[in-house]
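Colleague: starting from these lines, generate the structure:
(chains A and B)
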There are 2 protein chains.
Amino acid sequence: MAVVGRAASRSAANGPASLQDMRRQNLAVVLAAVAAHSPLSRADVSGRVGLTRAAVSSLVDELIGRGAVTEAAATASGRVGRPGRALTVSGEGPAGLGLEIGVGHLGACVADLRGEPRLWRRVERANAGRPPGTVLAELAALAAEAEAEAAALGLRVEGRVLAVPGVVPNEPRGLVERAPNLGWHTVGIADHWPEPETAPEPENEANLGALAEYWNAGTPVETFVHVSAGAGIGAALVIDGRLFRGARGFAGELGHVPVHPEGPECACGARGCLEQYAGEAAVLREAGLAQDGPGDPVALLAERAANGHAPTLAALDRAGRALGLALTSAVDLIDPDGLVLGGAYAELADWLLPSVCAELAARVTVRPWAAEALRPSALGRRGPLLGAALTTIRRIMADPTLLPAG
Amino acid sequence: MAVVGRAASRSAANGPASLQDMRRQNLAVVLAAVAAHSPLSRADVSGRVGLTRAAVSSLVDELIGRGAVTEAAATASGRVGRPGRALTVSGEGPAGLGLEIGVGHLGACVADLRGEPRLWRRVERANAGRPPGTVLAELAALAAEAEAEAAALGLRVEGRVLAVPGVVPNEPRGLVERAPNLGWHTVGIADHWPEPETAPEPENEANLGALAEYWNAGTPVETFVHVSAGAGIGAALVIDGRLFRGARGFAGELGHVPVHPEGPECACGARGCLEQYAGEAAVLREAGLAQDGPGDPVALLAERAANGHAPTLAALDRAGRALGLALTSAVDLIDPDGLVLGGAYAELADWLLPSVCAELAARVTVRPWAAEALRPSALGRRGPLLGAALTTIRRIMADPTLLPAG
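Modeller: Numbering: from 1, shown residues only, chains lettered A, B, ... in the order given. Below is the predicted model of the structure:
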């Protein structure tokens, strides 16, 4: 079993610091320097991180032993400052497996320690209303195929994370509390997984989409709100570069923020929730399209909007205004550096952004707000699965001792 | 100069860990154990924190040298497990000075390292529209008096923090960007302080009120939203026990969350902001009371409500419903463990809580929400000034090396 669990890296702030904590932190610092600036020699690393060459060499030896770093002859390019063997993050060995359950598909992705996705798998499946055991058995088979293919590439899966369109509480771990669009209630993933020791850790898809966005950015914004639409509306908060899950794991429930308190009744029992304006069903209804029609409804909306179909344009304008109202609350409360429209919203951004921007400009007035802080995600609907694969990678980067010693 | 600055404690996560970082952290761990469980012997501390007795003795000696801990004969009470001299946090020596500028007063408070407020000063002053230099000169005189009186109690002020009813950006430090109810724009505190080296660090009053609430609680909720009303409405977010100021310092601007998007026009230029329903001016207007009348308007509202004055009860119900709508957004986005009504709202809680609770119960339905998570602050309008005094104390507790070595 080689599961990189989220409980594995403990916070040093909770107890006395030890030499072991110090070494763990310095391994991470050296690995981060190699990842950011490779190829580097050991001397280059020493210069960058401010540790002695002897200390760096001991740390590098351990990183090589654990399979996180490889050392080769310096390239002739001159990019390495001094003669010396070049260190790079391993493109073989440790890897992370991401899995995804959507309303209409299953997915898998394997990423290497460099953060590169090395393989993608997707099968179309109408998962709504199917028994969780059936869905998870199929997903386990897909996961096993992906792991076998990864092994053929020299990759060894060290952790497994599953993106689900549902609520994943902080405690207990491993549970999907509610996934309304799948019809799931209180599903323990390991209870339905053929080999419990390889059961993936579930996480809300919006959260993983936001993390993928953060990790994928060259110069990331450190504090942002990521709003995405699939069958429902999900938001995720990244605060100082870390996902904020809320006290119990329910943060980012933007879909039920009241935008017009006396508005239409929502399935949740309240009135005027954002989902009644900017949810997929509401937009399709306003645009005069059937919700269960053939094909990809998001692509259909984009096509109609591009062709100037008036009801579709009106529906997207209405959705954008409601999103702008809900995001005004988010900006007022959280003061993010950025707002990202992800998932299906990214593909509809051309028609949503103008009205979202207009509401924000009219309503965020007592403090500075720059229109360019709002942008569509570059990853769109691939974000959650990529985020699931990268979660394991980021944990290893933060604590290389999670890898077995060489 | 003995300023405990907020930049002084650096995050170890940003660079390699050193033995010095380890010692700093272990000093804080020992000091926290003494604060939580005193009187303790050195042996007791060793048992509690999991460091050797030799290590603990060296750390205790340093804490005594810095004036943070005192060591006395064990009490006869038997509370100390084994014979040995009892360690306690010093009630003399290091102290924090809190200062406050309100629309109608100036205040000062000194707290000792145990977190006890040792003196309070308050003078009534109509500060709205006065030149910042005049206000700050008077406050500096009040601060000097408080420091002199603290010195007579054996207390030495190690840091100064000022609560202001305005926006304090993260950068640059020391600036009040906007305090509409004072009429301030871009005021650098040190520019107007007689001795720049004793100039206090400004912080938004709502933020300090929330911190005081957190530090004052026996078993604090770690993640909560604190909403308070003075002349304006301020909210503050405490996340995992730490104040969240937002990317630029503007988090918690709850007063301009849109609650009825087509509602009355607000001074900010938008429509239907929370302040138009739950701000002091709006409540007084709805209750049929003059805004500039004599006496304390909050006490007057409470008196009328207690006497069953129908327009006042209606105004507070309307305010509570609007607060409930804005707090629904906060709960959906942030998933706090608690909501606290502070400042003037605490004194009006009897009449606000029913309608706030009713809105939350009707609108927070897709995830668990317990009515008892909403409660009034025990500190009320004293919170911000106490929070200002305690800020310095909490910094010293987190990094005792901020104190001069003995």
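
Colleague: residue A:50 - how many residues pack around it?
Modeller: Neighbour count of residue A:50, defined by other Cβ atoms under 10 Å in any protein chain shown: 12. The way it works is simple: take the backbone N, C-alpha and C, and place the C-beta from them, glycine included.

Colleague: from what I see, it and residue B:16 are in contact.
Modeller: Yes. Because the distance of 6.1 Å satisfies Cβ atoms under 8 Å, residue A:50 is recorded as touching residue B:16.

Colleague: name all residues that make contact with residue A:110.
Modeller: Under the criterion of Cβ atoms under 8 Å, 6 or more residues apart in numbering or on different chains, the contact partners of residue A:110 comprise A:95-98, A:117-119, A:146-147, A:149-150, A:155, A:157, A:389.

Colleague: among the residues you listed, which lie within strands?
Modeller: Secondary structure defined by DSSP state E assigns A:95, A:96, A:97, A:98, A:117, A:118, A:119, A:155, A:157 of those to strands.

Colleague: and the last one, what's its pLDDT?
Modeller: What it means is residue A:157. The per-residue pLDDT reported for residue A:157 equals 97.

Colleague: from residue A:170, how far out is it?
Modeller: In this structure, residue A:157 lies at 25 Å from residue A:170, with Cβ to Cβ, to the nearest Å as the measure.

Colleague: those two: who's more crowded?
Modeller: For the pair residue A:157 and residue A:170, the greater number of neighbours falls to residue A:157 (22 against 14), based on other Cβ under 10 Å.

Colleague: burial check on residue A:52, number of neighbours?
Modeller: By the measure other Cβ under 10 Å, the count of residues near residue A:52 is 9.

Colleague: same question, residue A:337
Modeller: The burial count assigned to residue A:337 is 17, neighbours taken as other Cβ under 10 Å.

Colleague: need the residues of the stretch 201-350 of chain A near chain B, please.
Modeller: For the stretch 201-350 of chain A, the residues found near chain B under the criterion Cβ under 8 Å from any Cβ of the partner chain are A:221-223, A:235, A:237, A:239, A:244-254, A:256-261, A:268-270, A:325-326, A:328-330, A:332-337.

Colleague: show only the entries of these found in helices.
Modeller: Counting by DSSP state H, the part of these found in helices is A:325, A:326, A:328, A:329, A:330, A:332, A:333, A:334.

Colleague: wait, residue A:395 sits on residue A:159?
Modeller: Yes. Taking contact to mean Cβ under 8 Å, the distance of 6.7 Å between residue A:395 and residue A:159 places them in contact.

Colleague: which element is the closest residue to residue A:52 other than its chain neighbours on?
Modeller: Excluding its sequence neighbours, the residue lying closest to residue A:52 (Cβ to Cβ, 6 or more residues apart in numbering or on different chains) is residue A:46, at 6.6 Å. Using DSSP states H and E, residue A:46 maps to helix A:42-49.

Colleague: just to revisit the earlier point, of residue A:395 and residue A:159, which one has the most company?
Modeller: Summary of the neighbour comparison: residue A:395 and residue A:159, criterion other Cβ under 10 Å, with residue A:159 having more neighbours (25 against 20).

Colleague: give me the distance between the more buried one and chain B.
Modeller: The spacing between residue A:159 and chain B, counted by Cβ to the nearest Cβ, to the nearest Å, is 21 Å.

Colleague: domain parsing for chain A?
Modeller: Structural domains annotated on chain A: A:20-90, A:94-209+A:384-397, A:218-379, as defined by automatic domain parsing.

Colleague: for residue A:26, which non-adjacent residue is closest in space?
Modeller: For residue A:26, ignoring the flanking residues on the chain, the nearest one in space by Cβ to Cβ, 6+ apart is residue B:16 at 5.0 Å.

Colleague: check contacts around the one you found.
Modeller: Taking Cβ under 8 Å, 6+ apart as the criterion, residue B:16 is in contact with A:25, A:26, A:29, A:49, A:50, A:51.

Colleague: swap in 6 Å and give it another go.
Modeller: Under the criterion of Cβ atoms under 6 Å, 6 or more residues apart in numbering or on different chains, the contact list for residue B:16 reads A:26, A:29, A:49, A:51.

Colleague: buried among these? Need that as a selection in PyMOL.
Modeller: In PyMOL syntax, the buried subset of those is picked out as below (16 or more other Cβ atoms under 10 Å in any protein chain shown):
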select buried, chain A and resi 26+29+49+51
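
Colleague: redo the contacts of residue B:16 as a markdown table? Include pLDDT.
Modeller: Shown next, in a markdown table, are the contacts of residue B:16 (pLDDT from 0 to 100):
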| residue | pLDDT |
| --- | --- |
| A:26 | 94 |
| A:29 | 94 |
| A:49 | 92 |
| A:51 | 92 |
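
Colleague: so which of the contacts of residue B:16 are in strands?
Modeller: Filtering these for membership in strands, criterion DSSP E, returns an empty set.

Colleague: return the member of the contacts of residue B:16 nearest to residue A:362.
Modeller: Within the set of the contacts of residue B:16, residue A:29 lies nearest residue A:362; the separation is 45.7 Å, counting by Cβ to Cβ.

Colleague: the closest one contacts residue A:49, correct?
Modeller: Yes. Assessed by Cβ atoms under 6 Å, residue A:29 is found in contact with residue A:49 at 5.2 Å.

Colleague: distance of the closest residue to chain B within the stretch 301-406 of chain A from residue B:16?
Modeller: Here the stretch 301-406 of chain A gets closest to chain B at one residue, residue A:335, 2.6 Å apart by Cβ to the nearest Cβ. The gap separating residue A:335 from residue B:16 is 31 Å, by Cβ to Cβ.

Colleague: which strands or helices does the particular helix or strand that has residue A:144 in it pack on?
Modeller: Here residue A:144 is covered by helix A:132-152, with elements defined by DSSP H and E. Identification of packing neighbours for helix A:132-152 by 3 or more Cβ pairs under 6 Å, 6 or more residues apart in numbering or on different chains; DSSP states H and E yields strand A:93-101, strand A:105-112, strand A:117-124.

Colleague: for it, give the mean pLDDT please.
Modeller: Computed over helix A:132-152, the mean pLDDT rounds to 97.

Colleague: now swap in stretch A:93-109 and tell me
Modeller: 96.

Colleague: can you list the buried residues in that stretch?
Modeller: When neighbours are counted by 16+ other Cβ under 10 Å, the buried residues of stretch A:93-109 are found to be A:93-103, A:106-109.
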